[in-house]
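*Asks:* coords please:
(one chain, ligands or ions: 3)
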Amino acid sequence: MPDPTLPPSDRSVADALSSAETGATLEPDQAEVLLAARGLGPGEPLDRLLRLASAVRDAGLAAAGRPGVVTYSRKVFVPLTTLCRDRCHYCTFVDTPLQLARAGRAPFMTEDEVLALTRDGAALECKEALFTLGDRPEARWPEAQQWLDAHGFGSTLAYVRHLAVRVREETGMLPHLNPGVMTADELADLRPVAASMGMMLETTSRDLFERRGAAHYGSPDKDPAVRLQVLEDAGAAAVPFTTGVLLGIGETPADRVESLLAVVDVARRHGHVREAIVQNFRAKPRTAMRGEPDLALQEYAAALAVARLLLGADVRVQAPPNLSDPAELALLLRAGVDDWGGVSPLTPDHVNPERPWPHLDDLARWSAECGFELRERLALQPEHALDAQRWLDPAVRPAVSALAGPDGLAVQGRRPVGLAPRRPAA
Ligand SMILES: O=c1nc2n(C[C@H](O)[C@H](O)[C@H](O)CO)c3cc(O)ccc3cc-2c(=O)[nH]1
Ligand SMILES: C[C@H]1O[C@@H](n2cnc3c(N)ncnc32)[C@H](O)[C@@H]1O
Ligand code: SF4
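*Replies:* Ligands and ions are numbered 1, 2, ... in the order given. Predicted structure coming up:
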């Protein structure tokens with residue numbers, strides 16, 4: 001019996017590669033072995049793995065009618081509230097009410113702030129309004145509940161809904177909602193106001209949730225069973241959905257494969273997940289995990305490539321371009337990436353504020369140097385945009401069709417426009 005605590009031997013990596021190179025479906029234990037592939041020289045194990053991943057990605061893009069295209073979404077990041085009922089050990093996004101009070105900040109952005117920010121974004125041709133926020137802060141912080149009460153909202157998600165309507169109507173931008181865990185009823189309630197939604201699975205590891213001191217200990221919304229249910233409910237509700245894994249937070253190679261296979265499974269059954277984020281942990285000061293190492297580059301590349309092989313050709317694999325150094329992006333493309341996710345010319349990445357987004361001109365140039373054309377997509381994947389009947393509520397269809405070209409991607413250079421102001425009642 002091989003010792004499971006030791007990394008796979010060179011021989012088992014070579015065997016798994018040889019099997020994958022025949023085109024055979026990757027078994028979970030082979031996928032786990034391939035996560036250990038290293039060496040980028042021609043013919044070395046990681047080089048061979050990346051070639052396989054590139055080939056699958058290229059076949060998918062060709063089948064989708066856009067060979068050699070890597071996409072991004074031009075977006076504005078709306079951090080509606082940094083209060084959260086969870087306490088993920090890697091997160092620097094969250095504040096406590098005391099921290100907010102000391103900084104002179106309110107618990108939530110006001111409606112005027114959100115509208116001003118998204119109008120500025122629309123003027124810069126941003127087409128996605130990404131609402132990313134703390135999970136259900138009112139369940140932990142009376143300050144959040146009081147603010148919502150004072151402004152006439154029953155819950156954080158009711159406020160999100162109200163703002164998504166206003167942003168779409170007044171700016172023409174497409175809301176993408178990333179508010180953490182949602183129930184089936186909440187998903188149904190939000191579907192008519194959003195072009196798409198998302199929630200990172202992060203990991204299926206129960207250990208990271210249950211073990212004192214682990215990354216998700218004390219964060220009820222990071223229970224893997226709860227998160228898998230959200231993915232399931234979003235699929236049943238036909239919500240175009242972004243999910244993915246966060247790597248380097250203490251999970252094992254087996255956890256990585258299990259997490260990816262969970263995404264594959266729900267995506268195959270419902271078709272709602274057409275982009276999967278493979279995000280690398282970045283240690284941040286003032287967090288519990290500040291002393292942990294960032295995910296090593298070759299380890300990340302191997303995980304991206306395995307994700308590509310497991311997800312297949314029809315799901316875009318997304319890597320945030322600001323979480324790697326510019327010189328490393330070529331490697332991510334070699335590993336099968338075909339989407340850079342949301343990039344903003346206006347707002348910082350509030351989750352990783354120390355890592356600015358690249359300028360879009362630079363991202364286009366770096367992509368071109370690797371043989372890829374950078375194209376703008378909308379907040380949902382083209383296949384969802386083109387099948388609006390199935391994937392979009394009638395209320396959001398006009399906003400999507402106003403911004404989509406015949407290929408379902410964004411019409412580059414088009415500025416979203418809001419509806420004409422309603423005439424006051426006579
Ligand atoms: O700028 C960011 N955008 C994040 N996004 C947005 C993403 O990069 C894209 O803008 C959208 O997926 C576009 O559809 C997320 C979206 C999700 O649905 C779930 C998680 C994330 C996480 C981030 C993030 O950490 N930083
Ligand atoms: C919005 C998403 O950002 C990711 N996220 C949160 N904190 C970090 C970090 N330190 N490094 C990388 N990704 C992070 C999580 O996956 C979350 O779901
Ligand atoms: S990652 Fe999300 S859920 Fe976790 S503490 Fe940060 S804001 Fe809250």
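*Asks:* shaky segments in this protein?
*Replies:* For the chain, residues meeting the criterion pLDDT under 70 lie at 1-5, 422, 425-426.
*Asks:* All the strands of it, residue numbers only.
*Replies:* Ranges of strands in the chain, per DSSP state E, are 69-78, 128-132, 174-178, 196-198, 241-247, 273-280, 316-318, 339-343, 373-377.
*Asks:* now these in TSV, with distance to Ala330?
*Replies:* The C-beta positions use only the backbone N, C-alpha and C, and glycine is treated the same way. Formatted as TSV, the strands of the chain follow (distance: least, C-beta to C-beta, whole Å):
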stretch	distance to Ala330
strand 69-78	12
strand 128-132	26
strand 174-178	28
strand 196-198	26
strand 241-247	19
strand 273-280	16
strand 316-318	15
strand 339-343	13
strand 373-377	14
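*Asks:* do you know how far the spatially most central residue of the chain is from ligand 1?
*Replies:* Centroid-nearest residue in the chain: Ile277, 4.7 Å away (criterion: C-alpha atoms, centre = their mean). Distance of Ile277 to ligand 1, given as C-beta to the nearest ligand atom, to the nearest Å: 6 Å.
*Asks:* and if you look at Asn178?
*Replies:* Distance of Asn178 to ligand 1, given as C-beta to the nearest ligand atom: 4 Å.
*Asks:* Met199 is in contact with that residue, correct?
*Replies:* Yes: using C-beta atoms under 8 Å, Asn178 is in contact with Met199, at 6.6 Å.
*Asks:* Any chance you could list residues touching both of these two?
*Replies:* Common neighbours of Asn178 and Met199 (criterion: C-beta atoms under 8 Å, 6 or more residues apart in numbering): Thr242.
*Asks:* Just give me the neighbour total for whichever residue of the stretch 301-426 of the chain sits closest to ligand 2.
*Replies:* Ligand 2 sits closest to Val351 of the stretch 301-426 of the chain, with a gap of 4.3 Å, by C-beta to the nearest ligand atom. Per other C-beta atoms under 10 Å, the neighbour tally for Val351 reads 20.
*Asks:* Quick check: the nearest residue to it once chain neighbours are set aside vs Asp47, distance?
*Replies:* Excluding its sequence neighbours, the residue lying closest to Val351 (C-beta to C-beta, 6 or more residues apart in numbering) is Phe93, at 5.1 Å. Applying C-beta to C-beta, to the nearest Å, the value for Phe93 to Asp47 is 36 Å.
*Asks:* what about these two, which has more around it?
*Replies:* Phe93 (19 against 16).
*Asks:* re earlier: surely the residue of the stretch 301-426 of the chain closest to ligand 2 and Thr132 touch.
*Replies:* Yes: counting by C-beta under 8 Å, Thr132 is a contact partner of Val351 at 6.8 Å.
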